[in-house]
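Trainee: sequence plus predicted model, see below.
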Amino acid sequence: MTDVCIIGAGSSGIAACQVLHERGIAFDCYEAGSQVGGNWRYLNDNGLSSAYRSLHINTSRHLTEYRCYPMPEDYPAYPDHHQMARYFDDFVDHFGFRDSIIFRTEVTRVVPAEGGGWNVTSRRRDTGAETTRHYQTVLVANGHHTDPRYPEPAFPGADTFTGAQIHSHYYRVPEEYAGKRVLVLGFGNSASDIAVETAGVSARTFLAMRRGGYVFPKFMFGKPSDDLISPFLTRVLPREMQRWIMAGLLRLTIGKVTDFGLPEPGHKLFNSHPTVSETLLPRLGHGDITVKPNITRFDGDTVHFADGSSEVIDAVIYCTGYRISFPFLDESVIAPDDNDVSLFHRVVDPRHPGLYFIGLFQPLGATTVLSEAQSHWVADLLEGKAALPAMEKMQREIAQYKERLAKRYVASKRHTIQVDHYPYLAELAGERRRGARRAKKAVEPLPGYQPEEESIWIDAEPGLVWDLISDVTRMGEWSPECRRCIWRGAERGAGARFIGINRRGWVVWVTSNEVEKAERGRSFAFRTTTNGVRWGYRLAPVDGGTLVTEQWDVSGQSAGQRKRTASFANMMLGGYDGHTAELRDGMRKTLARIKAAAEQRSYSGRKHPSAEAEDLVTR
């Protein structure tokens, strides 16, 4: 049975396909179009591609090619989209996994499945037939250039503008702008390309922008600019030194951007995503493009700008970026707020096991190679060759990443998922090494091991019982060993943490716990991170009441944790059998106390059945 689903067969999706195929991990890849390549497939029938006819890559061939499959030597330094699409086709056919891609099929819904994994609903675009399949793992590689973002809020008077308004996502060819006065808004790669193209046919082209920026040429000293970058130096040199070197090279090769009419950048080099263009500055220098500040308002056919000037305009092209969106995932799973997503090393959703994201970053470098590296890490995790750290450590890494972005980059919705090419490769390689060490520490399940369980029937509805069990501040009332527990934060859901302060005779110790499952009326489970033991409660409605099962599971203990547990059992309880006997007795007492409290609350204000907790029958 196939346990892995990949969503999207663009440059990131097929990178994931190749890695899993190479590792012998079966998968289904769903692609809305009829061909691979995603955004690089011009006029892609998936309806999502933003490629225009003259599009070329803006990272060099050597930096962009997959590490497992070089591009043909006869390709130019910066291939166009036709060559890229052919390269992707050759890549898929060379490794032989095309049959695992389900074309003309879009994923419409991905929801967590009861008991683990994901239920994935797909729709055949040609027939409309829908199918739902269960997968343990989902790799999301749908790209983040499919949901165009227009100015928010819209400029005053935009609804009265008499000309055409489109987003760059829908731009294809310049001919339709022949003889027109065109305004391009933005200063990214698409904005510079479109401004240059339309300037060749339009009556006049204007390039408006909110802030200044830096322009990187595609070639320096006769070579592709990327090929001059040293992977070693980008990792060891301080950023200020890198900035000083690159600023010097830019000054030598192109001079100052202000000499071409562009505004002075209000930020340091590398503190915003740069514009890569070999043709913009010459067009500006020839006077073919006029630079304007940001738009302030529209008035009929006239556009007014922040410097007080105005121009009659026939067409506006908004190069204002994209929203990160996942239409097949409910907001309860992930809800990007202003393009902000919280992923461990930009890949792992800590709150949802088995959900990974490939290619969800904005690189100073090439997407292909970084997606390939991400896929290798995910494959390690799927094969058990690597393991993830505790929830707390993953959340700490996410917070630190966001802090670094906020310190470095200009505040913008385009700077929420930035990574630097070589440092990020090193980051992923480091996490793979750490994950491998964690996996080696994990203990194989004991042969024939079954978790210890005790059950009891309670004359109260499941929701009421769950409210008692999930209130860890009351755990001292249930457990014979627990003195008190304290929430670390107010949340009870999965990922919540609490501290347990236990006492057994003269022995006092403090444990750290994290909630792994919390579904009202159905389950409450947590893991004691200090010793790797999992405790859980399952609740099921039975005979008008609730059957509660308590479980104790040590299968997730590391070798060191298991050794310490055995040492404690030998020292305090005469061995593992004594430990198990005491454990079962403690579980029975805990359930009896929960029963008494739940039924007292359930029968509050009316006569309670005469029954002693000790006489209750376990089921």
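Mentor: Good, I have the coordinates.

Trainee: which helix in the protein runs the most residues?
Mentor: helix 576-602 (DSSP state H).

Trainee: now it: mean pLDDT?
Mentor: Taken as a whole, helix 576-602 carries a mean pLDDT of 86.

Trainee: mind giving me the packing neighbours of that helix?
Mentor: Contact partners of helix 576-602 among helices and strands, from 3 or more C-beta pairs under 8 Å, 6 or more residues apart in numbering; DSSP states H and E: strand 452-458, helix 462-469, helix 475-478, strand 545-553, helix 559-573. Every C-beta, even on glycine, is put in place using the N, C-alpha and C of the backbone.

Trainee: what about the fourth one, distance to the chain center?
Mentor: It stands for strand 545-553. Remark: strand 545-553 is offset 35 Å from the chain centroid, using C-alpha atoms, centre = their mean, to the nearest Å.

Trainee: could you do the third one as well?
Mentor: Here helix 475-478 shows a centroid-to-chain-centroid distance of 39 Å under the convention C-alpha atoms, centre = their mean.

Trainee: for that helix, C-alpha coordinates in CSV please.
Mentor: Only the C-alpha atoms of helix 475-478 are listed here, as CSV (Å, rounded to 0.1, in the frame of the first residue of the first chain):
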residue,chain,number,x,y,z
MET,A,475,-3.8,15.1,38.6
GLY,A,476,-2.7,15.0,42.3
GLU,A,477,-6.3,14.0,43.2
TRP,A,478,-6.1,11.0,40.9
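
Trainee: what helices or strands is that helix leaning on?
Mentor: strand 482-488, helix 576-602.

Trainee: in the stretch 401-550 of the chain, where is pLDDT below threshold?
Mentor: Low-confidence segments of the stretch 401-550 of the chain, defined by pLDDT under 70: 442-447, 503-508.

Trainee: let's see it at 50
Mentor: Within the stretch 401-550 of the chain, not a single segment meets pLDDT under 50.

Trainee: could you pull out the helices for the chain?
Mentor: 11-23, 61-64, 81-95, 189-199, 231-236, 239-253, 280-285, 367-383, 391-408, 421-441, 462-469, 475-478, 559-573, 576-602.

Trainee: list the buried residues for the second one?
Mentor: By neighbour count on 16 or more other C-beta atoms under 10 Å, the buried set for helix 61-64 is 61, 63, 64.

Trainee: got it, and the fifth one?
Mentor: Within helix 231-236, the residues that qualify as buried are residue 234, counting by 16+ other C-beta under 10 Å.

Trainee: neighbours of residue 18, how many?
Mentor: Close neighbours of residue 18, defined as other C-beta atoms under 10 Å, add up to 21.

Trainee: what distance do you get for it to residue 513?
Mentor: 40 Å (C-beta to C-beta, to the nearest Å).

Trainee: show me what contacts the closest residue to residue 587 other than its chain neighbours?
Mentor: Leaving out its chain neighbours, the residue that sits closest to residue 587 by C-beta to C-beta, 6 or more residues apart in numbering is residue 454, at 4.2 Å. Contacts for residue 454 (C-beta atoms under 8 Å, 6 or more residues apart in numbering) come out as 549, 550, 584, 587, 588, 591, 618.

Trainee: out of the buried residues of helix 61-64, which is nearest to residue 286?
Mentor: residue 61 (28.7 Å; C-beta to C-beta).

Trainee: tell me what the longest strand along the chain is packed against?
Mentor: Counting by DSSP state E, the longest strand found in the chain is strand 507-519. On a contact count with 3+ C-beta pairs under 8 Å, 6+ apart, strand 507-519 meets strand 497-504, strand 523-528.

Trainee: if we can go back for a sec, so what's the residue nearest to residue 587 bridging to?
Mentor: Note on residue 454: beta-bridge partners by DSSP bridges are residue 550.

Trainee: out of the helices and strands packed on helix 475-478, which gets nearest to residue 501?
Mentor: It is, among the helices and strands packed on helix 475-478 and with distance given as C-beta to C-beta, strand 482-488, at 5.1 Å.

Trainee: and the angle for that closest one with strand 507-519?
Mentor: 50 degrees (axes from the mean of the first three to the mean of the last three C-alpha atoms, to 10 degrees).

Trainee: now do the same contact list for residue 179.
Mentor: 201, 202, 203.

Trainee: wait, what's in contact with the residue nearest to residue 435 when sequence neighbours are not counted?
Mentor: What sits nearest to residue 435 in space, not counting adjacent residues and going by C-beta to C-beta, 6+ apart, is residue 386, at 2.9 Å. By C-beta under 8 Å, 6+ apart, the contact set of residue 386 is 377, 380, 431, 432, 435, 436, 438, 439.

Trainee: give the buried subset of those residues as a PyMOL selection command.
Mentor: For the buried members of the contacts of residue 386, the matching PyMOL selection, counting by 16+ other C-beta under 10 Å, is:
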select buried, resi 377+380+431+432+435+439
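
Trainee: could I get the contacts of residue 386 as JSON lines with distance to residue 294?
Mentor: Formatted as JSON lines, the contacts of residue 386 follow (distance: C-beta to C-beta, whole Å):
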{"residue": "377", "distance to residue 294": "41"}
{"residue": "380", "distance to residue 294": "46"}
{"residue": "431", "distance to residue 294": "40"}
{"residue": "432", "distance to residue 294": "44"}
{"residue": "435", "distance to residue 294": "45"}
{"residue": "436", "distance to residue 294": "50"}
{"residue": "438", "distance to residue 294": "49"}
{"residue": "439", "distance to residue 294": "51"}
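
Trainee: out of the contacts of residue 386, who's nearest residue 518?
Mentor: When the contacts of residue 386 are compared against residue 518 (criterion: C-beta to C-beta), the nearest one is residue 438, at 24.8 Å.

Trainee: quick one, strands of the stretch 201-350 of the chain?
Mentor: Ranges of strands in the stretch 201-350 of the chain, per DSSP state E, counting those that start in this stretch, are 204-208, 215-216, 219-220, 223-224, 275-276, 289-292, 295-299, 302-305, 310-312, 315-318, 322-323.

Trainee: who's in contact with the second one?
Mentor: Spelled out, it's strand 215-216. 192, 225, 250, 254, 257, 262, 274, 275, 276, 277, 280, 281.

Trainee: closest to residue 173 out of the residues you listed?
Mentor: Closest to residue 173, out of all of the contacts of strand 215-216 and judged by C-beta to C-beta, is residue 192, at 16.9 Å.
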